[in-house]
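Peer 1: Next come a sequence and a model predicted from it.
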Amino acid sequence: MLGADEFISSPPRKTVRFGGTLTEILLKYEKGDTTDFELLKHQLSDPDIKDAQIINWLHEFRASVAYLTKELEQLVSILLKLPWLRRSREVVEEYLGFLGNLVSAQTVHLRPCLRMIVSQFVPPRITIREDDVDISDSDDDDENVSENFDTCHRALQTVARYVPSTPQFLMPILVEFFPFINKSERTLECYVHNLLRVTVYLPTLRLQILELIVEKLLKLDVSTPQQDIEDAEETANNCASEEKSTEEGLFDMEEDEDRKGNKVVSPSIERMAHPLAERLDILMTILFSYIKDVCHVDGKLDISNTKDLYRDLVSVFDKLILPTHASCHVQYFMFYICSFKLGLAEAFLDHLWKKLQDPNNPSVIRQTAGSYIGSFLARAKFIPIVTVKACLDLLVNWLHKYIDNQDTGANAYCDVALHGPFYSTCQAVFYTLIFRHKQLLDGNLRKGLSYLQSLNFERIVMCQLNPLKICIPSVVNLFAAITRKYQLVFCYTIIERNNRQFIPVVRSGTGGDLVQTCTNPLDSFFPFDPYILKRSKKTIDPMYQFWEELSAEDLENLKKPIKKGTSEDEDDDFLKGETPQNDGVVEIAPNSYKSNTRSPVSSIGSPADCYVPYPL
């Protein structure tokens, strides 16, 4: 006989059961005797049900799936609610076997099975009440979360193996279960991570899943303007500084150090002060990691995988990003994948170029394509100067042909509504020249000047369409200064004339006097303006060309034209440090998580509204 202690510690030899075998219970139920059936449901719904009981029941259910028709969907629903994930390995294996048998014999239960699995893609909920308000969310402290996710994906793969049509039923469920953006960062992080894992073994869903994720990221992005993020960071830094100064002179007690470490130092290092920006930062980090992992096998770029993913991402870009105005961060997934190989960057530029020149595209899409071309050429370190020149040749030749077609026609006058793509292309060219002119002139100044003169900027600037009136003033001023310094074109007469036409008119109305001046008639933006999300920017910074503010000396140099007969090898001293030289083409993106590169404070934003004094 067992001793008292041995009895308590030993498992029961046989599970207590009521009502006979499962087959007998289901046959009685068909004949109208529901007593044992209700008892069965009660036992399965017991929150204290033991592992051995679950295993016994599942074993019988696996042998009786033929009876589990649509009429018994209530019983199947109870089975799908069994707490199988956080049980012993034996329970998990038995449950996976049951799922496979169930969906292969009764496909009517496919959707409920998929819903059950997808519902486990986030950490389990915990119940928290604060001042009688339910603020329940994910349990971040569950040590088994990662293991549970692995098991969920095994379950999904099991179902997909038995039912080939699983992907078409799964996608609407993935959309339905996507958490709201006010859920915790951990909940969103886990769900997006699990969605991307699905694409690995169900590749037919990859494009749709990427579209779903990017759509949600865009909503976060446009809901969080860059100015709001910067304001939140400034407020947080001020509060941290005040708290730090208050603590100075006090004894460094252990609990004070703990509190300081938790509340002041840590958030300023990694966390974004703006809650939506924090969520976006985490999710963009996951997306970048996914792109890197898909494209690299054993640390080396896999060309086939990369091309396939690039095609999917370009499709998502066309459908969601290009029509979205003034998103700040999400579009950087294209910037990142293009950094892996020059051919991808050139393919992306060619794609944008086709969008820009196609008159069948809506004008707003063509204008946005122009903004992307200019911003990409200016900001991507991995694009060599030979590619920049090839793009400038295409853009400038198109501009000259456009002028040929318009300058003598009835529409040969300054009008954004009529010539939006033309002005957007002009701004792309001006913007590219501002960032890349030192590289264009580097090494052989005479040859570089000869190339820039061949672009015939004077004809573009002087044409009846008057692009200097429409482009953003900060871009126009710097373009004017650079082209004057190198005697390419003198823009200031036109700028002064345009400024006189921009004299604001005071209009009286019922609400009082109103003064309006539009400085961005194109409603344009630079899509690759500096990336400011703290975690994910580590991926972008090493391949990004930052703007450095102009010093007083730089501004003075802009007013000094180069001398005639300059030596071919004479260095140009304009804007020292403004445009660091490329380190060559980046074939494989550096490991973003090991980079210590940081954006200098002065680099936030595009070139500011810089006033370069007109020459006298």
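Peer 2: Structure received. Numbering: from 1, shown residues only.
Peer 1: show me what contacts the residue most central in space within the chain?
Peer 2: For the chain, the residue nearest the mean C-alpha position is V330 (3.1 Å; Cα atoms, centre = their mean). By Cβ atoms under 8 Å, 6 or more residues apart in numbering, the contact list for V330 reads 214, 217-218, 221, 284, 321. All C-beta spots, glycine's among them, are computed from the backbone N, C-alpha and C.
Peer 1: make it 6 Å
Peer 2: 217-218, 221 (Cβ atoms under 6 Å, 6 or more residues apart in numbering).
Peer 1: Extract the CA atoms of stretch 403-415 and return them as CSV.
Peer 2: Taking only C-alpha atoms (Å, rounded to 0.1, in the frame of the first residue of the first chain), the coordinates of stretch 403-415 have been written out as CSV:
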residue,chain,number,x,y,z
ILE,A,403,8.7,73.2,-72.2
ASP,A,404,8.9,72.6,-76.0
ASN,A,405,5.3,71.4,-76.0
GLN,A,406,3.9,74.1,-73.7
ASP,A,407,5.9,77.3,-74.3
THR,A,408,4.0,78.2,-77.4
GLY,A,409,0.6,76.8,-76.5
ALA,A,410,-2.4,78.4,-74.9
ASN,A,411,-1.5,76.9,-71.5
ALA,A,412,2.0,78.5,-71.4
TYR,A,413,1.6,80.2,-68.1
CYS,A,414,2.2,79.5,-64.4
ASP,A,415,-0.6,77.3,-63.1
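Peer 1: Please list the residues outside it that contact it.
Peer 2: In this structure, residues lying in contact with stretch 403-415 by Cβ under 6 Å, 6+ apart are 418, 463-466, 469.
Peer 1: let's see 7 Å
Peer 2: For stretch 403-415, the external contacting residues (Cβ atoms under 7 Å, 6 or more residues apart in numbering) are 418, 459, 463-466, 469-470.
Peer 1: got the buried residues for it?
Peer 2: Residues 403, 406, 412, 414 are the ones in stretch 403-415 that count as buried (16 or more other Cβ atoms under 10 Å).
Peer 1: same question, stretch 484-495
Peer 2: Buried-residue list, stretch 484-495, by 16+ other Cβ under 10 Å: 484-486, 488-492, 494-495.
Peer 1: Please render those as a markdown table that adds secondary structure to the earlier fields.
Peer 2: Shown next, in a markdown table, are the buried residues of stretch 484-495 (DSSP: H, G, I helix; E, B strand; the rest coil):
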| residue | secondary structure |
| --- | --- |
| R484 | helix |
| K485 | helix |
| Y486 | coil |
| L488 | coil |
| V489 | coil |
| F490 | coil |
| C491 | coil |
| Y492 | helix |
| I494 | helix |
| I495 | helix |
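Peer 1: Closest one of those to P384?
Peer 2: Y486 (21.5 Å; Cβ to Cβ).
Peer 1: close enough to count as contact, the closest one and S450?
Peer 2: No: here Y486 lies out of contact with S450, judged by Cβ atoms under 7 Å, at a distance of 11.1 Å.
Peer 1: returning to what we had before: can the contacts of V330 go into a markdown table with extra columns for distance to K534?
Peer 2: Formatted as a markdown table, the contacts of V330 follow (distance: Cβ to Cβ, whole Å):
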| residue | distance to K534 |
| --- | --- |
| L217 | 16 |
| L218 | 20 |
| D221 | 15 |
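Peer 1: Which ones among the residues you listed map onto helices?
Peer 2: Among the contacts of V330, DSSP state H puts 217-218, 221 in helices.
Peer 1: In a strand, Q487, correct?
Peer 2: No: counting by three-state DSSP, Q487 is located in no strand; its state is coil.
Peer 1: For R62, see how far away it is.
Peer 2: For Q487, the distance to R62 (Cβ to Cβ, to the nearest Å) stands at 85 Å.
Peer 1: Can you tell me which of the buried residues of stretch 484-495 comes closest to G299?
Peer 2: Y486 (44.3 Å).
Peer 1: hang on, the earlier thing: now for the contacts of stretch 403-415: which two are most distant?
Peer 2: L418 and R459, at 19.3 Å, using Cβ to Cβ across the contacts of stretch 403-415.
Peer 1: Where does A273 sit: helix, strand or coil?
Peer 2: A273 ends up coil, using three-state DSSP.
Peer 1: tally of neighbours for it?
Peer 2: 20 (other Cβ atoms under 10 Å).
Peer 1: Next, work out how far apart N456 and I385 are.
Peer 2: 20 Å.
Peer 1: quick one: low-confidence parts of the protein?
Peer 2: Scanning the chain for pLDDT under 70 picks out the ranges 1-19, 125-143, 241-269, 407-408, 502-518, 549-616.
Peer 1: Tell me where it has strands.
Peer 2: Per DSSP state E, the chain carries strands over the ranges 125-126, 129-130, 133-134, 137-138, 296-297, 300-301, 507-509, 512-514.
Peer 1: Mind jotting down where the helices sit in the stretch 251-400 of the chain?
Peer 2: Secondary structure of the stretch 251-400 of the chain (DSSP state H, counting those that start in this stretch): helices at 254-260, 266-269, 275-295, 303-316, 332-338, 342-357, 363-379, 385-406.
Peer 1: Okay then, goodbye and thanks.
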